[in-house]
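just a sequence and a predicted model for now, questions to come.
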Amino acid sequence: MTWRDRLDSMPTWKFPAPSSDVLSSACRLVRRASVVCATSMALYGCQSILEQSYQPSVAPSSNPQIVDEVQKNDPRAAMGAREHPRIVASYGGEYKDAKTERLVARIAGALTAVSENPSQSYRITILNSPAINAFALPGGYLYVTRGLLALAKDASEVAAVLSHEMGHVTANHGIERQKREEAEVIASRVVAEVLSSDIAGKQALARGKLRLAAFSRQQELQADVIGVRMLGEAGYDPYAAARFLDSMAAYSRFMSVDPEADQSLDFLSSHPNSAQRIELARDHARAFGQEGKVGDTGRDYYLNGIDGLLYGDSPEEGYVRGQTFLHGGLGIRFDVPPDFKIDNKVEAVMATGPGDVAIRFDGVADNQNQSLTNYISSGWVTGLDPSTIQQTTINGMEAATARASADRWDFDVTVIRNNAQIFRFLTAVPKGSAALQQTADVLRASFRRMTPEETASLKPLRVRVVKVRPGENITTLAARMMGTDRKLDLFKLINALPTGASVSPGDRVKIIAE
């Protein structure tokens with residue numbers, strides 16, 4: 001049985017209506033939750049050619065056109081504007097950093113200057129998500145995640161992504177999908193009526209809308225052609241597209257923990273690909289010059305622009321450090337057993353471990369201050385065995401536990417009150433497995449309030465650009481990496497270093513550190 005099958009059989013978690021639960025921060029249905037895994041991506045096609053018209057000083061205008069004004073009577077822009085808030089909500093909001101925003105604007109400015117439609121203006125949003133993704137909506141709405149920026153090696157690779165997405169806008173592919181919009185609106189209404197959780201609704205609606213960003217193969221190829229011309233005329237390295245395709249493929253292998261995982265918010269969902277298209281990118285590049293001899297990579301100013309970029313989890317969603325989840329804002333932490341993998345989703349913290357064991361953790365507002373034994377039996381879990389409900393305390397906090405069953409699975413349900421919130425653990429194991437008690441015991445024993453010192457010391461991980469010093473090598477540099485137990489692999493990945501590569505004193509490389 002796959003992870004998706006197992007979670008589909010979990011008890012239903014029913015949430016109060018938003019009016020009575022303003023902190024509905026978890027999905028109403030466990031089966032709608034994303035299965036834990038790291039985001040995996042697939043590939044898209046981008047190629048480029050070289051011309052000598054590139055001006056390295058291209059930058060955002062000091063008096064730029066205002067997108068809303070330029071496109072105020074454009075029905076395409078109206079479509080993009082309507083969906084923009086939902087897309088942003090599904091990716092954790094906008095990532096605000098002046099330096100990084102200037103970098104992306106500089107890259108986009110160079111591409112816009114050679115666009116086939118100079119009257120088309122673009123609204124480019126950096127999404128506050130570690131996922132690897134970029135896509136376009138009608139009317140010039142372009143999106144790139146900070147996760148993609150962290151993975152890219154240089155400006156030309158980001159330019160390859162953006163030029164492809166601009167190609168979709170230029171070709172009016174969004175208008176060709178307008179009939180699909182009508183069906184999506186109907187589906188969205190159904191979702192809004194079924195899901196009472198605000199965040200769950202946003203997730204489901206956004207996923208439906210992201211299907212509007214999925215183009216046909218013909219449209220993808222057409223965007224490739226347009227992107228080739230834009231990238232080449234802007235003077236970027238024509239091999240950037242093929243390089244970044246390779247990097248994304250490597251990242252997909254690195255993060256591929258669960259092939260059954262929900263991939264609806266990653267690059268695979270909107271950019272179907274094939275090896276043929278990857279080779280096409282290389283063929284186009286070869287036609288315009290020898291690799292390493294043509295085009296500008298923009299590596300130095302790119303590294304300057306992403307130095308300090310937030311990496312991985314954002315502070316608002318808490319942090320994963322090995323087997324521990326910590327949330328400074330909520331002031332709580334807990335551990336999962338050894339060999340478990342934690343995935344911090346917007347809607348919940350998920351974890352999976354050996355023996356088909358799965359954990360879900362979330363929290364809701366405690367508005368009514370009812371007893372936890374009454375709360376645990378109030379109907380938000382189906383399959384609950386009332387005779388198993390017990391009141392207890394966990395590290396000084398009021399708590400209650402119970403057992404439930406559904407299909408071929410057993411569940412432990414644990415709720416803990418901390419101030420004005422109720423935190424909830426759901427542990428699922430194959431029916432009869434002794435791992436249920438063992439896993440639940442680890443969660444309950446480790447769940448506690450963070451000390452002020454722990455909260456103060458908790459810092460997000462960031463991309464740090466460092467110079468290689470004499471005597472340093474890939475191994476010693478990788479040892480400085482934080483937030484992963486696969487330090488060497490991740491170091492090579494984010495620096496696009498193939499097997500057997502080396503570094504030299506003075507080289508600039510990326511590491512992940514606080």
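Structure's in. What do you need?

going by C-alpha atoms from here, please, whenever you check contacts or count neighbours.
Will do.

all helices for the stretch 301-450 of the chain, in order.
In chain order, the stretch 301-450 of the chain shows helices spanning 372-376, 435-446, with DSSP state H, counting those that start in this stretch as the criterion.

export those helices to TSV and append columns for distance to residue 91.
Output for those, formatted as TSV (distance: least, CA to CA, whole Å):
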stretch	distance to residue 91
helix 372-376	31
helix 435-446	28
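
could I get the ones you listed as CSV with mean neighbour count and mean pLDDT?
What follows is the helices of the stretch 301-450 of the chain, written out as CSV (neighbours: other CA atoms under 10 Å; pLDDT from 0 to 100):
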stretch, mean neighbour count, mean pLDDT
helix 372-376, 18, 94
helix 435-446, 17, 96
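
residue 155 is nearest to which of the ones you listed?
Nearest to residue 155 among the helices of the stretch 301-450 of the chain is helix 435-446; the distance by CA to CA comes to 43.7 Å.

elements contacting the closest one?
If you count contacts as 3 or more CA pairs under 8 Å, 6 or more residues apart in numbering; DSSP states H and E, helix 435-446 packs onto strand 332-335, strand 409-418, strand 421-430.

not counting that helix itself, show me its contacts.
333-337, 355, 357, 394-395, 410-412, 414, 427-429 (CA atoms under 8 Å, 6 or more residues apart in numbering).

go on, stretch 381-401?
By CA under 8 Å, 6+ apart, stretch 381-401 touches 11-14, 372-373, 376-377, 402-406, 412-418, 444-445, 447-448.

buried among those residues? Make that a PyMOL selection.
The buried residues among the contacts of stretch 381-401 can be selected in PyMOL (16 or more other CA atoms under 10 Å) with this line:
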select buried, resi 11+12+13+14+372+373+376+402+403+404+405+406+412+413+414+415+416+417+418+444+447+448
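
and residue 348, how many neighbours does it have?
Applying other CA atoms under 10 Å, we find 20 other residues in the vicinity of residue 348.

verify the stated contact: it with residue 362.
Yes - Residue 348 is within contact range of residue 362, at 5.1 Å (criterion: CA atoms under 8 Å).

buried residues of stretch 379-386, list them for me.
Using 16+ other CA under 10 Å as the test for burial, stretch 379-386 gives 380-384.

hey, what's residue 403 bridged with?
Using DSSP bridges, the bridge partners assigned to residue 403 are residue 385, residue 412.

looking at it, it is touching residue 409, isn't it?
No - in this structure, residue 403 is not within contact of residue 409 by CA under 8 Å, at 10.9 Å.

quick one: end-to-end distance for stretch 492-511.
Distance across stretch 492-511, first residue to last, is 10 Å (CA to CA, to the nearest Å).

for stretch 317-334, same thing?
With CA to CA as the measure, stretch 317-334 spans 14 Å from end to end.

isn't residue 114 right next to residue 232, touching?
No - with contacts counted by CA under 8 Å, residue 114 stays clear of residue 232, the gap being 9.2 Å.

between the two, which one's more packed in?
residue 232 (26 against 17).

so how far is residue 397 from that one?
The span separating residue 232 from residue 397 equals 62 Å under the rule CA to CA.

kindly report the same for residue 477.
43 Å.

settle it for me: which of these two has more neighbours?
When residue 477 and residue 397 are compared on other CA under 10 Å, the one with more neighbours turns out to be residue 477, at 20 against 14.

against which helices or strands is the helix or strand hosting the more buried one packed?
Assessed by DSSP states H and E, residue 477 sits inside helix 474-478. Where contact means 3+ CA pairs under 8 Å, 6+ apart, helix 474-478 is packed against helix 487-494.

on that earlier part again, tell me which of the helices and strands packed on helix 435-446 sits nearest to residue 94.
Per CA to CA, nearest to residue 94 of these: strand 332-335, 25.5 Å.

which strands and helices sit next to that closest one?
Contacts defined by 3+ CA pairs under 8 Å, 6+ apart place strand 332-335 against strand 324-327, helix 435-446, strand 448-449.

including distance to residue 485, could those go into JSON lines?
Output for the helices and strands packed on strand 332-335, formatted as JSON lines (distance: least, CA to CA, whole Å):
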{"stretch": "strand 324-327", "distance to residue 485": "13"}
{"stretch": "helix 435-446", "distance to residue 485": "21"}
{"stretch": "strand 448-449", "distance to residue 485": "24"}
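
of those, which is nearest residue 237?
Per CA to CA, nearest to residue 237 of the helices and strands packed on strand 332-335: strand 324-327, 41.1 Å.

what residues does the closest one touch?
For strand 324-327, the external contacting residues (CA under 8 Å, 6+ apart) are 315-320, 332-336, 342.

what does residue 513 show for phi and psi?
Torsion angles at residue 513 (phi, psi; degrees, to the nearest 10) stand at phi -150, psi 170.

surely it meets residue 479?
No - with contacts counted by CA under 8 Å, residue 513 stays clear of residue 479, the gap being 10.7 Å.

okay, these two: which has more neighbours?
Counted by other CA under 10 Å, residue 513 and residue 479 do not tie: residue 513 has more neighbours, with 18 against 13.

ok, now which ones touch the more buried one?
Residue 513 is in contact with 461-464, 480-483, counting by CA under 8 Å, 6+ apart.

quick check: residue 423 touching residue 415?
Yes - here residue 423 lies in contact with residue 415, judged by CA under 8 Å, at a distance of 5.6 Å.

below-threshold pLDDT in this protein: ranges please.
Low-confidence segments of the chain (pLDDT under 70): 1-76, 118, 170-219, 221-225, 227-228, 256-274.

go with 50
1-67, 69-70, 174-202, 204-205, 207-213, 257-265, 268-270, 272 (pLDDT under 50).

got a list of what residue 403 touches?
Contact partners of residue 403, counting by CA under 8 Å, 6+ apart, are 384-385, 388-389, 410-413.

how about stretch 326-337: buried residues?
Residues 326-328, 330-337 are the ones in stretch 326-337 that count as buried (16+ other CA under 10 Å).

now do the end-to-end distance for that stretch.
First-to-last residue span, stretch 326-337, CA to CA: 15 Å.

from the chain's centroid, how far away is that stretch?
In terms of CA atoms, centre = their mean, to the nearest Å, the centre of stretch 326-337 is found 21 Å from the chain centre.

before we move on, what about stretch 392-412?
With CA atoms, centre = their mean, you get 30 Å for stretch 392-412.

who wins for neighbours among the contacts of residue 513?
Counting neighbours by other CA under 10 Å, the top entry in the contacts of residue 513 is residue 463, with 24 neighbours.

confirm that residue 466 sits in a strand.
Yes - according to DSSP: H, G, I helix; E, B strand; the rest coil, residue 466 belongs to a strand.

distance check, it against residue 110.
27 Å.

those two: who's more crowded?
residue 110 (24 against 15).

helix, strand, or coil at that one?
Under three-state DSSP, residue 110 comes out as helix.

next: residue 483.
Under the three-state scheme (three-state DSSP), residue 483 adopts coil.

name the nearest residue to it, ignoring sequence neighbours.
Nearest non-adjacent residue to residue 483, counting by CA to CA, 6 or more residues apart in numbering: residue 321, 6.0 Å away.

for that neighbour, list each beta-bridge partner.
Under the criterion used here (DSSP bridges), residue 321 is bridged to residue 324.

quick check, it in contact with residue 460.
No - using CA under 8 Å, residue 321 is not in contact with residue 460; the gap is 10.4 Å.

more neighbours: which of the two?
Comparing residue 321 with residue 460 by other CA under 10 Å, the one with more neighbours is residue 460, at 17 against 14.

what's near enough to touch that one?
When contacts are counted by CA under 8 Å, 6+ apart, residue 460 touches 310-311, 313-315, 319, 514.

let's have those in CSV, adding distance to residue 163.
Shown next, in CSV, are those (distance: CA to CA, whole Å):
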residue, distance to residue 163
310, 24
311, 24
313, 28
314, 28
315, 31
319, 33
514, 32
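
highest neighbour count among those?
Within the contacts of residue 460, most neighbours by other CA under 10 Å means residue 310, with 25 neighbours.

just give the closest residue to it, not the sequence neighbours.
Leaving aside its sequence neighbours, residue 310 sits nearest to residue 462 (CA to CA, 6+ apart; 4.5 Å).
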